[in-house]
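Colleague: Have a look at this prediction, sequence included:
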Amino acid sequence: MRRTSSSLQGPCPLVQMVPTRQVTSCAWPMNGATAVNMKCHLMPWDPESDEHVERLIQQRIACGWNAERVASEWKDEQLAGQKSIFWIVLSPDDPDFDTRLSRHIAKYPSEKLPLKDTGQSTFVPRTAREPKLASFVPVGHISLAKDDPAARDLDLDLPSAGVMWIKAMYVSDALQNGGLGRAAMDAAEGMASRPPLNARVLVLDTVQKDDQLREDYALAMYGRVAKMSNEEWYARRGYRVLKVVPGYYGDVPDRYGRHWMEIRTTFMCRDLGS
């Protein structure tokens, strides 16, 4: 089974890294003194806005993969109500708002111009909304999807209803040690569990923990080695392993063009209760 545009993280690391070479992927640490207090908002991505599309492409380039799918598959899936991509926006109530935003812009100056809240719909299926036209600078993104077509034949033993997938998560690697990744997951999980989505089970996929920490793979894919794997980070949030599948991300090349077909993908889920 090959990874498609609907996959969650793929090679993108989520947790703190030990730098060894140039950083080209999404990463943030889960620890830090202010992690518990960190807050963020989720703002709908507007697939009909050239500015929104271009900014998402820029962030996927920073993440390291799937940039080429933004203006095609991802746009079409959002318009069809198959997925809902949200911008991760720093909360203005954060006392360190200006400092954090300045760090992000200093690292990614091409993202300094604010976007406008112009999204006409959100959620899956599409739900109409009145855009507020507020200005904001996104520092990452995350998406929710009701299905992952590429995983249908994997026998994950998921319920027939009440399932929501968390997808395509990226947080600016300029905002480390602040708990923004945790805050974004809190917001996405809360949104998925409430009406109109009412999810009872959350599902995601990521690189298998031992494979992600392999030095040869980590250096080739990320340019550095993680202190902790994504899988372990999600496990701390209450996610359990459903299945490990080899070669699922095999069509994602590293920076040198190599395809790591032996790398395994871990599918995980979290039960939210009835």
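Modeller: Ah, there it is. Numbering: from 1, shown residues only.
Colleague: Check for me that residue 88 belongs to a helix.
Modeller: No: counting by DSSP: H, G, I helix; E, B strand; the rest coil, residue 88 is not found in a helix; it is strand.
Colleague: how near is it to residue 182?
Modeller: Note on residue 88: its distance to residue 182, by CB to CB, to the nearest Å, is 12 Å. C-beta here means a position set from N, CA and C on the backbone, and glycine is covered the same way.
Colleague: Residue 68 now?
Modeller: Distance from residue 68 to residue 182, by CB to CB: 29 Å.
Colleague: before we move on, what about residue 269?
Modeller: 19 Å.
Colleague: For stretch 86-95, measure first residue to last.
Modeller: 23 Å (CA to CA, to the nearest Å).
Colleague: Pull the contacting residues for residue 86.
Modeller: 42, 43, 44, 45, 122, 141, 142, 143, 144, 188, 191 (CB atoms under 8 Å, 6 or more residues apart in numbering).
Colleague: what pLDDT does it get?
Modeller: If you check residue 86, the pLDDT there is 97.
Colleague: For it, which non-adjacent residue is spatially closest?
Modeller: residue 42 (3.9 Å; CB to CB, 6 or more residues apart in numbering).
Colleague: show me where the stretch 51-200 of the chain has helices.
Modeller: For the stretch 51-200 of the chain, the helices defined by DSSP state H, counting those that start in this stretch occupy 75-79, 97-107, 180-193.
Colleague: closest one to residue 38 among those?
Modeller: Nearest to residue 38 among the helices of the stretch 51-200 of the chain is helix 180-193 (4.5 Å), distances taken as CB to CB.
Colleague: Now do the closest one: which elements does it pack against?
Modeller: strand 40-44, strand 83-90, strand 140-145, strand 163-171 (3 or more CB pairs under 8 Å, 6 or more residues apart in numbering; DSSP states H and E).
Colleague: So what sits opposite the residue nearest to residue 86 in the bridge?
Modeller: Under DSSP bridges, the beta-bridge partners of residue 42 are residue 88.
Colleague: Okay, the nearest residue to residue 137 once chain neighbours are set aside and residue 157: tell me how far apart.
Modeller: Closest residue in space to residue 137, ignoring its immediate chain neighbours: residue 114 at 5.2 Å, by CB to CB, 6+ apart. According to CB to CB, residue 114 and residue 157 sit 44 Å apart.
Colleague: out of these two, which sits in the busier spot?
Modeller: residue 114 (12 against 8; other CB atoms under 10 Å).
Colleague: Do you know the pLDDT at that one?
Modeller: 98.
Colleague: correct me, but it touches residue 139?
Modeller: No: using CB atoms under 8 Å, residue 114 makes no contact with residue 139, being 11.9 Å away.
Colleague: Now the host helix or strand of residue 243 - C-alpha only, CSV.
Modeller: Here residue 243 sits within strand 240-246, counting by DSSP states H and E. Taking C-alpha atoms only, strand 240-246 is exported to CSV below (Å, rounded to 0.1, in the frame of the first residue of the first chain):
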residue,chain,number,x,y,z
ARG,A,240,-2.9,3.2,20.9
VAL,A,241,-1.4,1.3,18.0
LEU,A,242,-3.8,-0.3,15.6
LYS,A,243,-1.4,-1.7,13.0
VAL,A,244,2.1,-1.3,11.6
VAL,A,245,2.3,-1.4,7.8
PRO,A,246,5.6,-1.6,5.9
